[in-house]
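In: here are the coordinates; sequence isn't available:
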């Protein structure tokens, strides 16, 4: 014997039928908090702030990056001041 039962209901109606709690307010609160955190931290990951934070550590870091990119591109060797 084969019995098929089809129930046509929304997810909210199914949760209510089984007695599960409504988590929509909690989801909304969590998403609002997440959005606030993302928006408050978005300035920290902008390209300008990342480059500024990298280059403030060592003043010659910019020159080293430039030398590295020139060497990777094969556009030349090292600077004349770096030669030994």
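Out: On my side now, so go ahead. On a predicted model such as this, the values are computed, not experimentally measured, just so you know. Numbering: from 1, shown residues only.

In: every contact and neighbour count from this point should use C-alpha atoms.
Out: OK.

In: next, residue 15: phi, psi?
Out: Phi and psi for residue 15, reported as degrees, to the nearest 10, are phi -60, psi -40.

In: excluding its backbone neighbours, what's nearest it?
Out: residue 21 (7.1 Å; CA to CA, 6 or more residues apart in numbering).

In: residue ranges in the protein under the pLDDT threshold?
Out: 54-59, 75-84 (pLDDT under 70).

In: now the longest helix along the chain, how far from the chain's geometric center?
Out: The helix that spans the most residues within the chain, counting by DSSP state H, is helix 24-41. Counting by CA atoms, centre = their mean, to the nearest Å, helix 24-41 is centred 15 Å from the centre of its parent chain.

In: so residue 8, which state does it fall into?
Out: Following DSSP: H, G, I helix; E, B strand; the rest coil, the label given to residue 8 is coil.

In: helix or strand for residue 16, which one?
Out: Secondary structure from DSSP states H and E places residue 16 in helix 11-18.

In: what are the buried residues along that helix?
Out: Buried residues in helix 11-18, counting neighbours by 16 or more other CA atoms under 10 Å, are absent.

In: count of neighbours near residue 71?
Out: Neighbour count of residue 71, defined by other CA atoms under 10 Å: 13.

In: now residue 50: how far from residue 44?
Out: According to CA to CA, to the nearest Å, residue 50 and residue 44 sit 7 Å apart.

In: an error on my part: the question was meant for residue 6.
Out: To residue 44, residue 6 is 52 Å away according to CA to CA.

In: ok, the two, which is more surrounded?
Out: Between residue 6 and residue 44, counting by other CA under 10 Å, residue 44 is the more crowded of the two (12 against 6).

In: who's in contact with the more buried one?
Out: By CA atoms under 8 Å, 6 or more residues apart in numbering, the residues touching residue 44 are residue 50.

In: going forward, count from 244.
Out: Let's use 244 as the start, then, which means that last one is residue 287.

In: and it, which of the three is it?
Out: helix.

In: ok, it to residue 273 distance?
Out: Using CA to CA, residue 287 is found at 22 Å from residue 273.
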